[in-house]
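Chemist: Any chance you could fold what I've pasted below:
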Amino acid sequence: MSHIGFIAAAYAITAIVLAGLVAWVIVDGRIQQAALGELERRGIRRTGRQRGGEAT
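Modeler: Now for the predicted structure:
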């Protein structure tokens, strides 16, 4: 008895889900970087950083 169809479908679904998660992380990272840039443009800085960009 061959289960190749089931195995191929399982791998395909897993690959699609993983690709979706990777895409989501990349898109969300870009959105967060843009939001951070907007806050920094308005003068709101990250805590723990000085003007020179060195961590305190």
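
Chemist: what about the strand or helix carrying residue 30, average pLDDT?
Modeler: Secondary structure assigned from DSSP states H and E places residue 30 in helix 4-41. Mean pLDDT, helix 4-41: 96.

Chemist: From here on, call the first residue 244.
Modeler: New numbering, starting at 244: the last item is helix 247-284.

Chemist: by contact count, what packs against it?
Modeler: Using 3 or more C-beta pairs under 8 Å, 6 or more residues apart in numbering; DSSP states H and E, no helix or strand is in contact with helix 247-284. Yep, even glycine has a C-beta here, placed from its N, CA and C like the rest.

Chemist: I'd like the distance from it to the chain centre, please.
Modeler: Averaging C-alpha positions (C-alpha atoms, centre = their mean, to the nearest Å) puts helix 247-284 6 Å from its chain's average.

Chemist: Flag every buried residue along that helix.
Modeler: Within helix 247-284, no residue is scored as buried using 16 or more other C-beta atoms under 10 Å.

Chemist: May I have stretch 257-268 as PDB, with CA atoms only?
Modeler: Presented in PDB, the C-alpha positions along stretch 257-268 are these (Å, rounded to 0.1, in the frame of the first residue of the first chain):
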ATOM      1  CA  THR A 257       4.000  22.200   5.700                       C
ATOM      2  CA  ALA A 258       6.100  24.100   3.100                       C
ATOM      3  CA  ILE A 259       3.200  26.500   2.400                       C
ATOM      4  CA  VAL A 260       2.600  27.200   6.100                       C
ATOM      5  CA  LEU A 261       6.400  27.700   6.700                       C
ATOM      6  CA  ALA A 262       6.700  30.100   3.700                       C
ATOM      7  CA  GLY A 263       3.700  32.000   5.000                       C
ATOM      8  CA  LEU A 264       5.200  32.400   8.500                       C
ATOM      9  CA  VAL A 265       8.500  33.500   7.000                       C
ATOM     10  CA  ALA A 266       6.700  36.100   4.800                       C
ATOM     11  CA  TRP A 267       4.700  37.300   7.800                       C
ATOM     12  CA  VAL A 268       7.800  37.800   9.900                       C
END
